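S.K.: output the structure for:
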Amino acid sequence: MSVNITALRSDQIYRSIMQAAPAEKIELYRQEMLSPFMAKWNIQHIPFRSQEPGGFDVITMNNWMNITPGAITSDIDEPLTAISSDVFWQQCQEAVETSLGAFIKDGVTLNVSDYLFTILLGDPDSPVLQINEGISGDGGIPGYIIANLVPNAYTLPRIPSVLAHECNHNVRYQHIRWNPEITLGEMIVSEGLAENFATSLYGEDLLGPWVTKTDMNTLNTIIKPKFKDQLEVSGLDQIHPYLYGDELANLQNFTPVGVPYAAGYTCGYHLVRYYLNKTGQPITEATITPASVILAETKDFWHEETIFHY
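M.R.: Numbers count the residues shown, from 1 in each chain. Below you'll find the predicted structure:
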């Protein structure tokens, strides 16, 4: 089984936009940076171009976390330089190759053969990205992977791990059918699988902030009691507050449910870790296992104290 992995060299696109007239930057960004991901936007029902001025579209979505097209000037020279070397892009390419290769090696069928990835420069002033310590990713649509970062000593070493996390989502949703009524149980399992997969390749030292910012006492006394009876909750407006926590719920105009940042990610990471230790199943095989199976095997997780420390 072979796969084709293509990097969209965002650094080259940023430099091209930097030279463009201000009035041309938005459309150039839309066409050069975002149109290669058109199939992804269509699947997610995100308009490529709003039908009305100021309406929601791919540019609006980009601007939540990433540097806006209008801000692509010489002012971004320093972060742009950090993602401009061939070495950096080779490292990213190898992370995607290694991640997908791990599944192929273990006999997991990849139904998608062509993969496109890129790295976007995050906006340091974005509240969403600030909560995530300047790094994030998007890989739920098979064949498409995006990582977002504000380049610094913390985020740059984590890019391979973030790409591995997103590759895991990419493979899972080639086998598990996504639907709008997806449950909280599926989402925490999915995030837990992705982060356990990333650490299996790159180690616990590169765990994402969505896990490390929560201590075990908070997991055991606040998160697990809140989650254990809510696993069948469905609908993104109901799931997101549990998954992302109160701070992001407030930013996204959802109703907070009394849990800390990335509660669902932390809970999912430890739940899947518990499952893997209990069953001995390889993480690659677990990745394509239905959440119902994983949750059925981990009923004791909700009643036992988690004592793992990073």
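S.K.: phi, psi of the residue nearest the centre of the chain?
M.R.: Of all residues in the chain, the one closest to the mean position by C-alpha atoms, centre = their mean is Gly137, 3.4 Å from it. In terms of degrees, to the nearest 10, the main-chain angles of Gly137 are phi -160, psi 170.
S.K.: try Gly122
M.R.: For Gly122, the backbone dihedrals (degrees, to the nearest 10) come out as phi -80, psi 150.
S.K.: tell me who's in contact with it.
M.R.: Gly122 makes contacts with 65-67, 129, 134-136, 148-150, as judged by C-beta atoms under 8 Å, 6 or more residues apart in numbering. All C-beta spots, glycine's among them, are computed from the backbone N, C-alpha and C.
S.K.: any chance you could map the helices in the stretch 101-250 of the chain?
M.R.: Taking DSSP state H, counting those that start in this stretch as the test, the helices found in the stretch 101-250 of the chain are 127-131, 159-175, 184-202, 209-212, 216-218, 224-227, 236-244, 246-251.
S.K.: out of these, flag the one nearest Val112.
M.R.: In this view, the helices of the stretch 101-250 of the chain are compared for proximity to Val112 by C-beta to C-beta, and helix 159-175 is the closest at 5.8 Å.
S.K.: and that closest one, how far out from the chain's middle?
M.R.: The gap between the average C-alpha position of helix 159-175 and the chain average comes to 8 Å, counting by C-alpha atoms, centre = their mean, to the nearest Å.
S.K.: and the angle from that helix to helix 184-202?
M.R.: Between the axes of helix 159-175 and helix 184-202, defined by axes from the mean of the first three to the mean of the last three C-alpha atoms, to 10 degrees, the angle is 130 degrees.
S.K.: what's the mean pLDDT across helix 159-175?
M.R.: In this model, helix 159-175 carries a mean pLDDT of 98.
S.K.: so which bits of that helix are buried?
M.R.: Judged by neighbour count using 16 or more other C-beta atoms under 10 Å, the buried positions of helix 159-175 are 159-174.
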